[in-house]
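1. Everything below, folded, please.
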Amino acid sequence: MRFMMPSITNGPYAQTREQLGGILVLEARDLNHAIELMSKHPGVKAGPFEIRPAADLSEMIRESEHRRSTKTI
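-> Just a heads-up that it's a prediction; the model follows:
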């Protein structure tokens, strides 16, 4: 067996050929719902999508909407 040097990366980043082409944020009940929603996206035909969970932003959105509704110009 040949000795192989370990591969060292500068973090959990994609290689150049795998760089992010965009980001979509969608609201789904769970992973299965997210897969169902993304399976209907036209971009799926162009290449793979990676689905990752994100924090629940409901409270932040409510607060933002409240601030915008009470903001005076």
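2. So, low pLDDT: which residues of this protein?
-> 1-21, 71-73 (pLDDT under 70).
3. Now the longest helix along the chain - C-alpha only, PDB.
-> Assignment by DSSP state H gives helix 58-70 as the longest helix of the chain. Provided in PDB are the C-alpha atoms of helix 58-70 (Å, rounded to 0.1, in the frame of the first residue of the first chain):
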ATOM      1  CA  SER A  58     -41.100  32.700  12.300                       C
ATOM      2  CA  GLU A  59     -40.600  35.000  15.300                       C
ATOM      3  CA  MET A  60     -38.000  37.200  13.500                       C
ATOM      4  CA  ILE A  61     -40.300  37.600  10.600                       C
ATOM      5  CA  ARG A  62     -43.200  38.600  12.800                       C
ATOM      6  CA  GLU A  63     -41.100  41.200  14.600                       C
ATOM      7  CA  SER A  64     -39.900  42.600  11.300                       C
ATOM      8  CA  GLU A  65     -43.400  42.800   9.900                       C
ATOM      9  CA  HIS A  66     -44.500  44.500  13.100                       C
ATOM     10  CA  ARG A  67     -41.700  47.100  12.900                       C
ATOM     11  CA  ARG A  68     -42.500  47.800   9.300                       C
ATOM     12  CA  SER A  69     -46.200  48.200  10.000                       C
ATOM     13  CA  THR A  70     -45.600  50.700  12.800                       C
END
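4. check contacts around residue 35.
-> residue 51 (Cβ atoms under 8 Å, 6 or more residues apart in numbering). Using the backbone N, CA and C atoms, a C-beta is placed for each residue, glycine as well.
5. switch to 10 Å and redo it
-> 28, 49, 51 (Cβ atoms under 10 Å, 6 or more residues apart in numbering).
6. Assign the residue nearest to the second one when sequence neighbours are not counted to helix, strand or coil.
-> In space, and not counting its chain neighbours, residue 49 is closest to residue 38: 5.5 Å by Cβ to Cβ, 6 or more residues apart in numbering. Following DSSP: H, G, I helix; E, B strand; the rest coil, residue 38 is assigned to helix.
7. same check, this time on residue 44
-> helix.
8. now do residue 23
-> Residue 23 ends up coil, using three-state DSSP.
9. list the contacts for it?
-> residue 52.
10. do the same with residue 57
-> Going by Cβ under 10 Å, 6+ apart, the list of residues near residue 57 reads 25, 27, 64.
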